[in-house]
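Colleague: Would you be able to build a 3D model of this:
(one chain, ligands or ions: 1)
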Amino acid sequence: MPGLDASFHPLISWFQVNGGTIDESCFGLTTFPEEEGGRGAIALKDIPEAHTLFSIPRALTLSTRTSRLPSLFGIDRWRKAAPDGFLLDNGWAGLILCMMWEEANHGRWAAYLASLPSQFDTPMFWFEEELTELKGTSVVEKLGKADAELEFHTKLLPAIESRKDLFFPHHIPVYYTLEKFHIHGSRILSRGFTVDPPASGSGYYQDEVNGSSHAMDVDELSPEGGDDDANADDADDDEEDEGIVSMVPMADMLNARYESENAKLFYEEDELKMVSTKPIKAGEQIFNTYSDLPNAELLRRYGHVDLLPLPAELGLALSGDSRGNPGDVVELRADTVVDVAARFTLRKQPDFSSATNSDSAVMEDLNGRIDWWLEMGGDDVFVLEPPASPLPDDLVSLIRLLTDDTEWQKAQEKDKPPKAKTDKDTLTIMLEVLEQRLALYDSTLENDEATLASSADLPLRKRNALVVRLGEKRILSSIRRKISQELEALASTAGDESIGGSKRRGEGGSEGRTKKQRR
Ligand SMILES: C[S@@+](CC[C@H](N)C(=O)[O-])C[C@H]1O[C@@H](n2cnc3c(N)ncnc32)[C@H](O)[C@@H]1O
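Modeller: Predicted coordinates for the structure are as follows:
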């Protein structure tokens, strides 16, 4: 069993002095090997299910509702848009400013903030050269670094400069820098929770006069109301859930691993409780998992990847090191499908070899179809799962819409996209789409497998990027193999134009996942 570590004492005593309780007979903090999460929580003895490991007063969570900063700043100016205010209730900017201010002023959360990491392995902090390792994945385009920096310059700095009495000029180069902004932002991204606010809004912000942080003991949630799936994601989620993105001391010491969750955060009226959700044996790590995300998302948000044995049922063609993340998926942009559809359409034209003028006419036609698709609420990104799952219905439907003139006509007449039915053409196009998607990576599946197998001491970031790429390529290659087999079967069944005569594989089963592109 990893030993308990004295370096956690300041955090634990701060937590207890401020009203947090810990069952120290069964819950401890320790340091696991890096690949198991580094610092984390351990069971000190066998723990039964439904046991409270620790509890946190709501007032000890750190948010724009518990920090005194918004009321000192003036709620109106905090909330209102320019020119009357700084829109700090929108997104994470307000919480980041509270964290900066609390740290600068050695406020109530100083010991907690001092215990948080200041260095991250999330791609937000990678050098350009390291980021090239992620080429082909959707991680880089989702980093949002430029948008975050714009927010710092246009929102936070003007707010800071407007109140020299709150943000002392000599503090600015130390606590209110762009670097600190990214550090606090990454702390929120990797450790924040979205906590439902108390029912009563009034008196909720900290009062300048009473300064008491117990003004928020008014939550009306039932004990079952907790949902730690709401780990902070982004500003939009905050608005939709009406939850408050909050830092939750001690709860954020728990690591995560695919399908390993054994503890969960429950919200009660005046406190949050971390409760075991299954029996945990002495010496086992206590996990609180963020909804079993694919490695690309784990890396983007938390800076780590899961590397576990992959079950045969996923239908992945594995060779070499057969570990990965069973929750992996691949994002496919609709523009890849449009490119392939254009080539397919041009090839079908009788005078294809001399059809240079046809390109623009074909693209114009396809652009009209894709505009119609988007107007009908169609997605522009599809999520491909391992081949045991069907292709996303929407993707098959879009391929037919783009490449079959009869289906395009019918779709417009009925105001409805085509049915998700595969035939020789859709499968052939899908094969080409997969080739094009695979070509976005700089290395092949075989190269990546060889690198992972031969270099035990790869630098962490390089190895994590490789694991993300490899997981995606395995899915793409396995779907490609499966479709090739289906096409071969089709070729040997002369005259049969559709697989199974009607619907595609996975008929009646779960739909593939699709989503809007997040930029
Ligand atoms: C909620 S915090 C957990 C506490 C954290 N280990 C610490 O030292 O403060 C989440 C962070 O822990 C790390 N982590 C969590 N689960 C992990 C895992 N399975 N493998 C590697 N790192 C993990 C990642 O750095 C992630 O951003």
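Colleague: Measure how buried L150 is and give me the count.
Modeller: L150 sits with 11 neighbouring residues when counted by other Cβ atoms under 10 Å. In this view, the C-beta of every residue, glycine as well, is placed from N, C-alpha and C.
Colleague: what do you get for the one 10 residues further on?
Modeller: The tally of other residues near I160 (other Cβ under 10 Å) stands at 21.
Colleague: Identify the residue nearest it in space, chain neighbours excluded?
Modeller: F167 (4.5 Å; Cβ to Cβ, 6 or more residues apart in numbering).
Colleague: do H51 as well
Modeller: Counting by Cβ to Cβ, 6+ apart, the residue nearest H51 is S276, at 4.7 Å.
Colleague: Surely the one you found and A41 touch.
Modeller: No: S276 lies out of contact with A41 (Cβ atoms under 8 Å); the separation is 10.9 Å.
Colleague: Need the residues touching each of these two.
Modeller: 53, 263, 286 (Cβ atoms under 8 Å, 6 or more residues apart in numbering).
Colleague: end to end, how far does stretch 286-299 reach?
Modeller: 21 Å (Cα to Cα, to the nearest Å).
Colleague: any chance you could map the strands in the stretch 1-150 of the chain?
Modeller: If DSSP state E, counting those that start in this stretch is used as the criterion, the strands of the stretch 1-150 of the chain fall at 21-22, 27-31, 39-43, 52-57.
Colleague: should've said the chain
Modeller: 21-22, 27-31, 39-43, 52-57, 193-195, 244-246, 263-267, 271-276, 285-286, 308-309, 323-324, 330-333, 381-384, 513-515 (DSSP state E).
Colleague: Could you chop this structure up by domain?
Modeller: If you go by automatic domain parsing, the domain ranges for the chain are 6-306, 312-515.
Colleague: Select, out of these, the one closest to the ligand.
Modeller: Of all those, it is domain 6-306 that lies closest to the ligand, at 3.2 Å by Cβ to the nearest ligand atom.
Colleague: anything in that closest one near the ligand?
Modeller: Yes: contact of domain 6-306 with the ligand (Cβ under 6 Å from any ligand atom) involves 37-40, 117, 190-191, 252-257, 302-304.
Colleague: Spell out for me the PyMOL command that would select the buried members of the shared contacts of S276 and A41.
Modeller: Selecting the buried subset of those in PyMOL, with 16 or more other Cβ atoms under 10 Å as the burial test, is done by:
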select buried, resi 53+263+286
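Colleague: Between the shared contacts of S276 and A41, which sits nearest D89?
Modeller: Within the shared contacts of S276 and A41, the smallest distance to D89 is 31.3 Å, found for A263 (Cβ to Cβ).
Colleague: Tell me how far the closest one lies from L44.
Modeller: Distance of A263 to L44, computed by Cβ to Cβ, to the nearest Å: 14 Å.
Colleague: Let me see the contact set for the residue most central in space within the chain.
Modeller: In the chain, the residue lying closest to the centroid (Cα atoms, centre = their mean) is E297, at 4.2 Å. Taking Cβ under 8 Å, 6+ apart, we find E297 in contact with no residue.
Colleague: Can you tell me how far G38 is from F15?
Modeller: From G38 to F15 the distance is 19 Å (Cβ to Cβ).
Colleague: can you map out the helices along the stretch 301-450 of the chain?
Modeller: 334-348, 358-375, 393-403, 405-414, 424-438, 445-454 (DSSP state H, counting those that start in this stretch).
Colleague: Remind me what the last one packs against, helices and strands.
Modeller: Okay, so that is helix 445-454. helix 460-492 (3 or more Cβ pairs under 8 Å, 6 or more residues apart in numbering; DSSP states H and E).
Colleague: In terms of neighbours, single out the busier of G38 and F15.
Modeller: Neighbour totals were compared for G38 and F15, and F15 leads with 22 against 13 (other Cβ under 10 Å).
Colleague: surely that one meets F27?
Modeller: No: here F15 does not reach F27: they are 11.5 Å apart, not a contact under Cβ under 8 Å.
Colleague: about what we covered before: now render the shared contacts of S276 and A41 as TSV, adding pLDDT.
Modeller: Below are the shared contacts of S276 and A41 laid out as TSV (pLDDT from 0 to 100):
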residue	pLDDT
L53	98
A263	98
I286	98
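Colleague: Turn the shared contacts of S276 and A41 into CSV, including distance to M124.
Modeller: Converted to CSV, these look like this (distance: Cβ to Cβ, whole Å):
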residue, distance to M124
L53, 31
A263, 28
I286, 27
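Colleague: if we can go back for a sec, filter the residues of domain 6-306 next to the ligand to the buried ones?
Modeller: The neighbour count (16+ other Cβ under 10 Å) marks 37, 39-40, 190-191, 252-257, 302-304 as buried among these.
Colleague: Please identify which of these is nearest to P387.
Modeller: The nearest member of those to P387, counting by Cβ to Cβ, is R257 at 24.4 Å.
Colleague: got a list of what that closest one touches?
Modeller: Per Cβ under 8 Å, 6+ apart, neighbours of R257: 37, 285, 287, 289, 306, 308.
Colleague: neighbour-wise, which of these leads?
Modeller: D306 (24 neighbours).
Colleague: surely that residue meets L298?
Modeller: Yes: using Cβ under 8 Å, D306 is in contact with L298, at 6.4 Å.
Colleague: which residues are in contact with both of the two?
Modeller: Joint contacts of D306 and L298 (Cβ under 8 Å, 6+ apart) are N325.
Colleague: Tell me where this protein is predicted with low confidence.
Modeller: Low-confidence segments of the chain (pLDDT under 70): 1-4, 197-241, 350-357, 494-519.
Colleague: that older thread, name the residues contacting each of F15 and F27.
Modeller: Counting by Cβ under 8 Å, 6+ apart, the contacts common to F15 and F27 are F54.
Colleague: ok, back up a step: give me the beta-bridge partners of the residue nearest to H51?
Modeller: A263 (DSSP bridges).
Colleague: how close does it get to R58?
Modeller: For S276, the distance to R58 - Cβ to Cβ - is 21 Å.
Colleague: who has more neighbours, these two?
Modeller: R58 (26 against 20).
Colleague: That one and E271 touch, don't they?
Modeller: Yes: with contacts counted by Cβ under 8 Å, R58 reaches E271, the gap being 6.1 Å.
Colleague: measure the residue nearest to the centre of the chain to M253 for me?
Modeller: 21 Å.
Colleague: same deal with E24?
Modeller: In terms of Cβ to Cβ, E24 sits 14 Å off from M253.
Colleague: now swap in L131 and tell me
Modeller: In terms of Cβ to Cβ, L131 sits 29 Å off from M253.
Colleague: What of E161?
Modeller: In terms of Cβ to Cβ, E161 sits 35 Å off from M253.
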